[in-house]
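Asker: no letters, just coordinates:
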């Protein structure tokens, strides 16, 4: 089976510690490619891809924070990392997605008085308020674990995991779309790991980005 592997140290791969994005990947398939299915191995492939992108992003954000001599990592740091590390066209798309998600989250803030009148409004998740599918809390958990392994005093701003979740979701949708095109050409209905591997290798913008992040696709 093919998988995306990060050079050097990998995030901890224990079922108890590492969040799974499997459920949200199926939701993305339903939203963008409802006529297709994705097998279990391909979901696992994408889950590892997400974890590795988050781990490397967290590492680079810590380095940016150190360079800027501040302890907190904000959405602006994530945006800077994307602008520096991603291929230019892909960076523009991801930055637009990240900015849109953070803006939507901020604009959906419920006034305190209204919260008191309608307690149910306070239960709306950050993910839903941001208009995303990938769970922001799980993204934050992976990001926090990566950062704490490098520095214990790094704080994560509320907008950083929202922005990053939007960026990763943009990458996953792009890869699924490329894989769906290949599946259609083969006249099959199920995405497999080989289709995702082909998507990562055939999309030049994605390939450049993964290389800059220190990630590569192997069998």
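Answerer: Arrived safely. On a predicted model such as this, the values are computed, not experimentally measured, just so you know.

Asker: quick check: the most centrally placed residue in the chain vs residue 142, distance?
Answerer: Closest to where the C-alpha atoms of the chain average out (C-alpha atoms, centre = their mean) is residue 168, at 2.4 Å. With distances taken as C-beta to C-beta, to the nearest Å, residue 168 is found 10 Å from residue 142. Where you see a C-beta, it was placed from the backbone N, CA and C, and this is true even at glycine.

Asker: what do those two both touch?
Answerer: residue 54 (C-beta atoms under 8 Å, 6 or more residues apart in numbering).

Asker: helices and strands around the strand or helix carrying residue 103, which ones?
Answerer: Taking DSSP states H and E as the criterion, residue 103 maps to helix 88-107. Packing contacts for helix 88-107, counted by 3 or more C-beta pairs under 8 Å, 6 or more residues apart in numbering; DSSP states H and E, involve helix 75-85, helix 126-129, helix 159-186, helix 204-212.

Asker: can you add distance to residue 44 and mean pLDDT and give the ones you listed back as JSON lines?
Answerer: Shown next, in JSON lines, are those (distance: least, C-beta to C-beta, whole Å; pLDDT from 0 to 100):
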{"stretch": "helix 75-85", "distance to residue 44": "25", "mean pLDDT": "93"}
{"stretch": "helix 126-129", "distance to residue 44": "22", "mean pLDDT": "95"}
{"stretch": "helix 159-186", "distance to residue 44": "14", "mean pLDDT": "95"}
{"stretch": "helix 204-212", "distance to residue 44": "18", "mean pLDDT": "91"}
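
Asker: relative to residue 135, which of those is closest?
Answerer: Residue 135 sits nearest to helix 126-129 of all those, at 5.4 Å, using C-beta to C-beta.

Asker: can you name the next helix or strand after that closest one?
Answerer: helix 136-148.

Asker: report the buried residues of that following helix.
Answerer: By neighbour count on 16 or more other C-beta atoms under 10 Å, the buried set for helix 136-148 is 136, 138, 139, 140, 141, 142, 143, 144, 145, 146, 147.

Asker: how about the last one, nearest residue that isn't a chain neighbour?
Answerer: In this case it means residue 147. residue 154 (4.6 Å; C-beta to C-beta, 6 or more residues apart in numbering).

Asker: cool, thanks, talk later.
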